[in-house]
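J.: From the sequence below, what's the structure:
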Amino acid sequence: MSARIGVRNGAVYLSAETVATYFPGIATVAILIREGRLMVAPVHHAGAGGCLLKIRNAAGDRVALAADVFQANGLGDFRADDLVADWSAESGALTAFLIAN
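T.: Next up, the predicted model:
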């Protein structure tokens, strides 16, 4: 099963359905970029840090702000409204290609 995510201005946008499927009961995620792949991983302990999944609207869609991560990877201006993301059991994260390999 795939999910659709958006990226704008260093923020990762997740639908309520995606959050319910891949991050049930999770309030914080880690945002990483490795080898052109965006990784959104659940953080199970609030003290571990990460990006808060802020509620965007009444539907329950969420946004995680991670401008520093995108800037550090030279992707500060990256924008995509409909990235295909899949769960990676190996990474323990929802992943999507940002840059074609």
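
J.: Centre-most residue in this protein?
T.: With distances taken as C-alpha atoms, centre = their mean, Val40 lies nearest the centre of the chain, 4.0 Å away.

J.: all helices for this structure, in order.
T.: Counting by DSSP state H, the chain has helices at residues 16-22, 67-72.

J.: Pull the shortest one out as PDB, backbone CA atoms only.
T.: This points to helix 67-72. Extracted in PDB, the C-alpha atoms of helix 67-72 (Å, rounded to 0.1, in the frame of the first residue of the first chain):
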ATOM      1  CA  ALA A  67      13.200  23.100   7.100                       C
ATOM      2  CA  ASP A  68      16.700  22.500   8.700                       C
ATOM      3  CA  VAL A  69      16.800  19.000   7.300                       C
ATOM      4  CA  PHE A  70      15.900  20.100   3.800                       C
ATOM      5  CA  GLN A  71      18.300  23.100   3.900                       C
ATOM      6  CA  ALA A  72      21.200  20.800   5.100                       C
END
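
J.: If you count contacts, what does that helix end up packed against?
T.: Packed against helix 67-72 by the contact rule (3 or more C-beta pairs under 8 Å, 6 or more residues apart in numbering; DSSP states H and E) you find strand 28-34. Every residue, glycine included, has its C-beta placed from N, CA and C.

J.: try the first one
T.: Using 3+ C-beta pairs under 8 Å, 6+ apart as the contact criterion, the elements in contact with helix 16-22 are strand 2-8.

J.: Pull the residues that contact the strand it packs on.
T.: Strand 2-8 is contacted from outside by 12-15, 17-18, 21-22, 38, 40, 70, 78-86, 94, 96, 98, using C-beta atoms under 8 Å, 6 or more residues apart in numbering.

J.: Give the partner strands of that strand in its sheet and their orientations.
T.: Here strand 2-8 has these sheet partners by DSSP bridges: strand 11-14 (antiparallel), strand 80-88 (antiparallel).

J.: Against Cys51, how distant is Ala30?
T.: Counting by C-beta to C-beta, to the nearest Å, the gap between Ala30 and Cys51 amounts to 7 Å.

J.: I meant to write Ala58 there.
T.: For Ala58, the distance to Cys51 - C-beta to C-beta - is 22 Å.

J.: more neighbours, the two?
T.: Counted by other C-beta atoms under 10 Å, Ala58 and Cys51 do not tie: Cys51 has more neighbours, with 19 against 7.
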